[in-house]
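>>> From the sequence below, what's the structure:
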Amino acid sequence: MQITEYTIKTGIAAPLCVAVAADLHDKPYASVLNELFRTKPDIIAIPGDLMSAPDNAVRALDFLTEAAKLAPVFYSPGNHEHIRKYDNDRHGASLITRTGAVLLDNSSVVYNNIYIGGLSSGFMGRRRYGVEKTPPPDLRWLERFSAFQGFKLLLCHHPEYYPVYIKPLDIDIILSGHAHGGQWRLFGRGVFAPGQGLFPALTSGVYDNRLVVSRGLANTAGVPRIFNPTELVIVKLIPQSRE
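Modelled structure (predicted):
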């Protein structure tokens, strides 16, 4: 696992260190937890696909429980998490909230005068999907969130939502995953990502000084990741005027 750090000057009032733990897919998490303990972020953001399926997510729920002991955890659903279909005593939202994490399913909270929102995947609640065009998210909720007056941090699993739906809006920082770095990386560029196709534009790094895309913490494809290690991203947000 690679640790990647970005420092972004933005309109935030006070520095904030955010650990981005994307696409764990219910895999072993000890090394991730150890790095979170070492880094001591102010918050831990999980922009989707912590689970591969909510009916088989023992490690994912354990990870949330342990991570919440280190820092506030904010978790937004990705395309693998059909949480709304499984909200009962064994699966879904009820178990997530019991871990101490904050579930953001097209919803937001205020933390230290920052609006933190989670834009859920357009696949939420759908049993079948492939690598075709990603269904749109809840645009009404997205517009309401962008209208808040203050600094806004958005968890959004799909980076492909950014140029179409999010870029024109007043949202300061967007944290994404999903693309898995393009699976293979050749000459610093990903080869394929669901929802973006061949040679996708948004797979890893910081775009427009506001969109952060993690390469993710696991491999779920039938082919190996090549020149593309898994990644825990640490984002240090600092005020514009701070040197």
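>>> Could you give the number of residues near the closest residue in space to Ile226 that isn't next to it in sequence?
Spatial nearest neighbour of Ile226, excluding adjacent residues (CB to CB, 6 or more residues apart in numbering): Trp184 at 4.3 Å. In this view, the C-beta of every residue, glycine as well, is placed from N, C-alpha and C. Trp184 has 17 neighbours, counted by other CB atoms under 10 Å.
>>> Pull up the per-residue confidence for Trp184.
The confidence metric pLDDT takes the value 94 at Trp184.
>>> these two touch, right, it and Ala193?
No: between Trp184 and Ala193 there is no contact under CB atoms under 8 Å: 10.7 Å.
>>> Give me the mean pLDDT for the strand or helix carrying Arg38.
Remark: Arg38 resides in helix 30-39, with elements defined by DSSP states H and E. Mean per-residue pLDDT for helix 30-39: 97.
>>> Return the alpha-carbon coordinates of stretch 211-227 using CSV.
Provided in CSV are the C-alpha atoms of stretch 211-227 (Å, rounded to 0.1, in the frame of the first residue of the first chain):
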residue,chain,number,x,y,z
LEU,A,211,-11.3,17.0,-6.9
VAL,A,212,-9.2,14.3,-5.2
VAL,A,213,-9.3,10.8,-6.7
SER,A,214,-7.9,7.9,-4.7
ARG,A,215,-6.6,4.7,-6.4
GLY,A,216,-8.3,2.7,-3.7
LEU,A,217,-7.3,0.1,-1.1
ALA,A,218,-8.1,-3.2,-2.8
ASN,A,219,-8.2,-5.1,-6.1
THR,A,220,-11.6,-6.6,-7.1
ALA,A,221,-11.0,-7.1,-10.8
GLY,A,222,-10.2,-10.4,-12.4
VAL,A,223,-6.8,-9.0,-13.6
PRO,A,224,-4.0,-7.7,-11.4
ARG,A,225,-3.2,-4.0,-10.8
ILE,A,226,0.0,-3.2,-12.8
PHE,A,227,2.2,-0.2,-11.9
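>>> Could you pull out the buried residues of it?
Leu211, Val212, Val213, Ser214, Arg215, Gly216, Leu217, Ala218, Asn219, Arg225 (16 or more other CB atoms under 10 Å).
>>> Buried residues of the worst-scoring helix or strand of the chain on mean pLDDT, list them for me.
Within the chain, no helix or strand scores below helix 93-98, which has a mean of 84 by mean pLDDT, DSSP states H and E. Going by neighbour count (16+ other CB under 10 Å), the buried part of helix 93-98 is Ala93, Leu95, Ile96.
>>> My read is that the second one contacts Asp62, right?
No: taking contacts as CB under 8 Å, Leu95 lies outside contact range of Asp62: 11.0 Å.
>>> Now do the helices in the protein.
With DSSP state H, the ranges of helices along the chain come out as 30-39, 58-67, 93-98, 139-146, 161.
>>> The fourth one packs against which elements?
Going back to what we said before, that points to helix 139-146. strand 114-119, strand 152-156 (3 or more CB pairs under 8 Å, 6 or more residues apart in numbering; DSSP states H and E).
>>> Packed most tightly, which of the ones you listed would that be?
Comparing those by mean neighbour count (mean count of other CB atoms under 10 Å), strand 152-156 ranks first with a mean of 26.
>>> Let me see the confidence value for Gly125.
For Gly125, the predicted pLDDT is 54.
>>> And the one 3 residues further on, by the same measure?
Reading off the confidence values, Arg128 has pLDDT 49.
>>> just to revisit the earlier point, any residues touching the helix holding Arg38, and which ones?
With contact meaning CB atoms under 8 Å, 6 or more residues apart in numbering, helix 30-39 is reached by 1, 3, 17, 19, 21, 24, 44, 63, 66-67, 70-71, 217, 232, 234.
>>> Check these for burial and list the buried ones.
Cys17, Ala19, Ala21, Leu24, Ile44, Phe63, Glu66, Ala67, Ala71, Leu217, Leu232, Ile234.
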